[in-house]
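Asker: need a structure here:
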Amino acid sequence: MLEFNQVCHHYDNAVIFRKLSFAIEAPRVLITGANGSGKTTLLLLAAGLIKPLAGQVSFKQQDVLQPQAKRLIGISANKVELPVFMTVQELLQFQSLQFAGDHDETAVDWTAEFGLTPFMRTKVGDLSLGNYKKLSLIMALQHQPELLLLDEPSNGLDEQSRAVLTRVLTHYPGQVIVASHEPLSAGDLPMLHLPLADLIANSEAAAFESTKDGASKTA
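Answerer: Numbers count the residues shown, from 1 in each chain. Predicted coordinates:
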């Protein structure tokens, strides 16, 4: 279960989240919202790639900022930049070593699925937008995480890769949370739809009620 507890975050002077609290147990979740609404920030916080200014994010009751929790999480997001000087093969091998496991075979399987095998010796910086997106997805899947976070996963994908993505969303054994500015065009996938605006509004309402109850008890 992914949990946000009183999470606050902002960029410069713009408040993104103020005491955001929620828990997600559903195996498939689609979080929607307009561009710039905070969807990507939400996923980066969930992956432990950025630290909240206040509050805590946890997965399976472990703080996502801790190394043991990060091993349980995979993310593909536009704001997670890949090293452009490495080849696809070098990058996948490097990540396999980082997660202290033999994930090379898994990477090879996903590379074939997404049609990226011919580009194994290509430098990341020379990949097309679509192939870069495929690599990002493969890296998220490579270590077989228990929580998969996907930011606009269908953007830039060809028809073959969209079909692979649909299979991932349908059959992946772990929890999958997708952020998108529009509903996925992958058929009738059994996903819980959570508009980000509703998550924020419900959290603020709950915080207000808690504050009101606390005030009444001390009155």
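Asker: Could you report the pLDDT at Thr170?
Answerer: If you check Thr170, the pLDDT there is 90.
Asker: Could you do Ala112 as well?
Answerer: For Ala112, the pLDDT comes out at 95.
Asker: Could you list every helix and strand in contact with the one helix or strand it maps to?
Answerer: Here Ala112, judged by DSSP states H and E, is contained in helix 104-113. Judged by 3 or more C-beta pairs under 8 Å, 6 or more residues apart in numbering; DSSP states H and E, the packing partners of helix 104-113 are helix 88-98, helix 129-142. Bear in mind the C-beta positions are built from the backbone N, C-alpha and C, glycine included.
Asker: Residues contacting that helix, please?
Answerer: 88, 92-93, 95-96, 117, 120, 137-138, 141-144, 164 (C-beta atoms under 8 Å, 6 or more residues apart in numbering).
Asker: quick one, that helix and helix 129-142 angle?
Answerer: Note on geometry: by axes from the mean of the first three to the mean of the last three C-alpha atoms, to 10 degrees, helix 104-113 and helix 129-142 are set 150 degrees apart in direction.
Asker: Tell me if Leu150 really is in a strand.
Answerer: Yes - according to DSSP: H, G, I helix; E, B strand; the rest coil, Leu150 belongs to a strand.
Asker: on that earlier part again, with respect to burial, which of the helices and strands packed on helix 104-113 scores highest?
Answerer: Of all those, helix 129-142 has the most neighbours on average by mean count of other C-beta atoms under 10 Å, namely a mean of 22.
Asker: Next, the angle from that helix to helix 88-98.
Answerer: Going by the same axes, to 10 degrees, helix 129-142 makes 20 degrees with helix 88-98.
Asker: beta partners for the spatially most central residue of the chain?
Answerer: A centroid search over the chain (C-alpha atoms, centre = their mean) returns Leu149, at 2.2 Å, as the residue closest to the centre. Counting by DSSP bridges, Leu149 forms beta bridges with Ile75, Ile177.
Asker: so it makes contact with Lys79?
Answerer: No - checked against C-beta atoms under 8 Å, the pair Leu149 and Lys79 is beyond contact range at 11.9 Å.
Asker: Reformat the contacts of helix 104-113 as JSON lines; add pLDDT and distance to Val64.
Answerer: Below are these laid out as JSON lines (pLDDT from 0 to 100; distance: C-beta to C-beta, whole Å):
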{"residue": "Val88", "pLDDT": "97", "distance to Val64": "27"}
{"residue": "Leu92", "pLDDT": "93", "distance to Val64": "23"}
{"residue": "Gln93", "pLDDT": "91", "distance to Val64": "25"}
{"residue": "Gln95", "pLDDT": "89", "distance to Val64": "18"}
{"residue": "Ser96", "pLDDT": "86", "distance to Val64": "21"}
{"residue": "Thr117", "pLDDT": "96", "distance to Val64": "32"}
{"residue": "Met120", "pLDDT": "96", "distance to Val64": "31"}
{"residue": "Leu137", "pLDDT": "97", "distance to Val64": "20"}
{"residue": "Ile138", "pLDDT": "96", "distance to Val64": "22"}
{"residue": "Leu141", "pLDDT": "95", "distance to Val64": "18"}
{"residue": "Gln142", "pLDDT": "93", "distance to Val64": "18"}
{"residue": "His143", "pLDDT": "92", "distance to Val64": "15"}
{"residue": "Gln144", "pLDDT": "93", "distance to Val64": "17"}
{"residue": "Val164", "pLDDT": "94", "distance to Val64": "27"}
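Asker: I appreciate the help and will end here.
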